[in-house]
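Asks: Using only what follows, build the 3D model:
(chains A and B)
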Amino acid sequence: QSVLTQPPSASGTPGQRVTISCSGSSSNLGSNTVNWYQQVPGTAPRLLISSNDQRPSGVPDRFSGSKSGTSGSLAISGLRSEDEADYYCASWDDSLNGFAVFGGGTHLTVL
Amino acid sequence: EVQLLESGGGLVQPGGSLRLSCAASGFSFSSYAMTWVRQAPGKGLEWVSAIDPSGGGTYYADSVRGRFTISRDNSKNTLYLRMSSLRAEDTALYYCARGLDIVATRPSCDYWGQGTLVTISS
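Replies: Residues are numbered from 1 along each chain as shown, chains lettered A, B, ... in the order given. Okay, the predicted model is just below:
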């Protein structure tokens, strides 16, 4: 069980807007930023969002991120078939020695 | 073009050791934090370890602390992960990834290798 909690699955139809949540605690999301990754099966992860809401170069503006308190959120608008993938949130946790954590992942299905 | 190429994976018996390498090219290696992330077959991503640009700051997941050692050779543009006392649960695809900047305590990795597979089995 991951320190960051994500729904195991999400779905939407082409053109729709979907959101994926990431719930943490005061030691991680409550005091550190959230990052989001996309992973198409069989490929390496791709950074979608850093520092809560920053899109790296090359990431479409259909992807957006936010954070409030101990929860983060990834929104995908104008859903496309190629968005079908696994999505992971990640953050730093200040507990004990400090470590990074990933959420358990959310599989997004484009219907 | 930024490239990260992992090597050193393989089949090892429980209790054994292995050293993974990640050869970096296309960027100023000594200016970036680096991270190892693993993914067990059919499972999610698990952060393993990170190191700051100088190598002076290292960080580990509880699951590997005391058994794994991260290091880097900036003169060779290479990241390493020395793994010992290996267990079946260490079986995974191990990815090397570049941090966005010098901060090793921020899991924002913008470039990833394709991974090297480590299998722990007797």
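Asks: For the closest residue to B:Arg38 other than its chain neighbours, give the beta-bridge partners.
Replies: In space, and not counting its chain neighbours, B:Arg38 is closest to B:Ala92: 3.9 Å by C-beta to C-beta, 6 or more residues apart in numbering or on different chains. In short, each C-beta sits where N, CA and C put it, glycine included. B:Ala92 forms beta bridges with B:Val118, as assigned by DSSP bridges.
Asks: Chain A versus B:Ala92, what's the distance?
Replies: Per C-beta to the nearest C-beta, to the nearest Å, B:Ala92 is found 13 Å from chain A.
Asks: contacting residues for that residue?
Replies: Shown in contact with B:Ala92 (C-beta atoms under 8 Å, 6 or more residues apart in numbering or on different chains): B:38-41, B:43, B:46, B:117-118.
Asks: What parts of chain B come near chain A?
Replies: When proximity is defined as C-beta under 8 Å from any C-beta of the partner chain, chain B approaches chain A at B:35, B:37, B:44-47, B:50, B:59-62, B:65, B:95, B:97, B:100, B:105-110, B:112-115.
Asks: Which of those residues are buried, as a ChimeraX select command?
Replies: Burial among the residues of chain B next to chain A is assessed by 16 or more other C-beta atoms under 10 Å in any protein chain shown; the matching ChimeraX selection reads:
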select /B:35,37,44,45,46,47,50,59,60,61,95,97,100,105,106,107,108,109,110,112,113,115
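Asks: can you count the residues close to B:Val48?
Replies: 25 (other C-beta atoms under 10 Å in any protein chain shown).
Asks: cool, B:Arg72 as well?
Replies: Neighbours of B:Arg72 (other C-beta under 10 Å): 23.
Asks: With the one 10 residues further on instead?
Replies: Burial measure for B:Arg82: 14 neighbouring residues, criterion other C-beta under 10 Å.
Asks: what about the closest residue to it other than its chain neighbours, distance to B:Thr58?
Replies: In space, and not counting its chain neighbours, B:Arg82 is closest to B:Thr69: 4.3 Å by C-beta to C-beta, 6+ apart. Distance from B:Thr69 to B:Thr58, counting by C-beta to C-beta, to the nearest Å: 8 Å.
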